[in-house]
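Colleague: model the structure of this input:
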Amino acid sequence: MKIVTQEEIDGHANATMRGALEGSLGSAAIAIPASLLLNRRWASYRALPLSLKVLGTVLVVAPCLSIQAERRGLEYDRAHWTGAGRMELDREAAEEEARWKALSTKDKIADWGSRHQYSIILGSWALSMAVAGGIVAKDRFVTLPQKIVQVRMWAQGLTIGVLIGAGVLTHSQRQAALQHVNSELDIFS
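Modeller: Numbering: from 1, shown residues only. The predicted structure is shown next:
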């Protein structure tokens, strides 16, 4: 185990603080103008108390601050790895790149989908809510509570379809992994 010097600790802290500053400024550059625009355009937003408006801004700024600070800290760590650890990481990165280049387009899409499964599910739910909301909002003979229920039901139905697709993809990947493990066991027996 390597002994960390005070200089390395300070360098890591500086990189992390730089990331926090980048995340804060970047997200504030989006959140504050968005809040001002909402305040100018919508009376319902203007009617909100200041504390809720600030909360909306903080809910954008705080995650961006912490994520960017973490990224910069990890980037600093990776830049200062040496020896066998660095060689192993370089080897793994080269293997992953070679594996990715060997995949067909269909396999690349399946691999990407399996790594981003939950983002796809959440995104499809949000997209289905937006599309269903746009379609249902046009019907002026339906009350607002009925519209909300219809949008929710459409979004649930579409999300169930995405979940079934994700389950099929996960099952096929597990089957392929199981066959790979069985072939390795055959080698050793």
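Colleague: what kind of secondary structure is Ala140 in?
Modeller: Rather than Ala, residue 140 is Arg. coil (DSSP: H, G, I helix; E, B strand; the rest coil).
Colleague: element containing Glu75, please.
Modeller: Using DSSP states H and E, the element containing Glu75 is helix 50-79.
Colleague: could you give the mean pLDDT of that helix?
Modeller: Helix 50-79 comes out with an average pLDDT of 93.
Colleague: output the contacting helices and strands for that helix.
Modeller: Applying 3 or more CB pairs under 8 Å, 6 or more residues apart in numbering; DSSP states H and E, we find helix 50-79 packed against helix 6-41. Every C-beta, even on glycine, is put in place using the N, C-alpha and C of the backbone.
Colleague: off-centre distance for whichever helix or strand comes after the helix it packs on?
Modeller: For helix 6-41, the following helix or strand on the C-terminal side (DSSP H and E) is helix 43-46. Centre-to-centre, helix 43-46 and its host chain are 30 Å apart (CA atoms, centre = their mean, to the nearest Å).
Colleague: what of stretch 91-102?
Modeller: Taking mean C-alpha positions (CA atoms, centre = their mean), stretch 91-102 and its chain are 23 Å apart.
Colleague: ditto for stretch 36-55
Modeller: 27 Å.
Colleague: any regions of the chain where pLDDT drops low?
Modeller: Low-confidence regions of the chain, defined by pLDDT under 70, span residues 1, 180-189.
Colleague: thinking again about what came up before, next helix or strand past the helix holding Glu75?
Modeller: Counting by DSSP H and E, what follows helix 50-79 is helix 83-102.
Colleague: buried ones in that next one?
Modeller: For helix 83-102, the neighbour count (16 or more other CB atoms under 10 Å) marks no residue as buried.
Colleague: neighbouring contacts of that helix?
Modeller: Arg78, Trp81, Lys108, Asp111 (CB atoms under 8 Å, 6 or more residues apart in numbering).
Colleague: most widely separated two among those?
Modeller: Trp81 and Lys108 (28.5 Å; CB to CB).
Colleague: show me what contacts Asp139?
Modeller: Neighbours of Asp139 in contact, by CB under 8 Å, 6+ apart: Lys147.
Colleague: so which bits of stretch 107-119 are buried?
Modeller: Buried, per 16+ other CB under 10 Å, within stretch 107-119: Gly113, Gln117.
Colleague: now do stretch 130-142
Modeller: Ala132, Gly133, Val136.
Colleague: what is the nearest of these to His12?
Modeller: His12 lies nearest to Gly133 out of the buried residues of stretch 130-142, by CB to CB, at 45.6 Å.
Colleague: which one is that closest one nearest to, not counting chain neighbours?
Modeller: Leaving out its chain neighbours, the residue that sits closest to Gly133 by CB to CB, 6 or more residues apart in numbering is Val151, at 4.8 Å.
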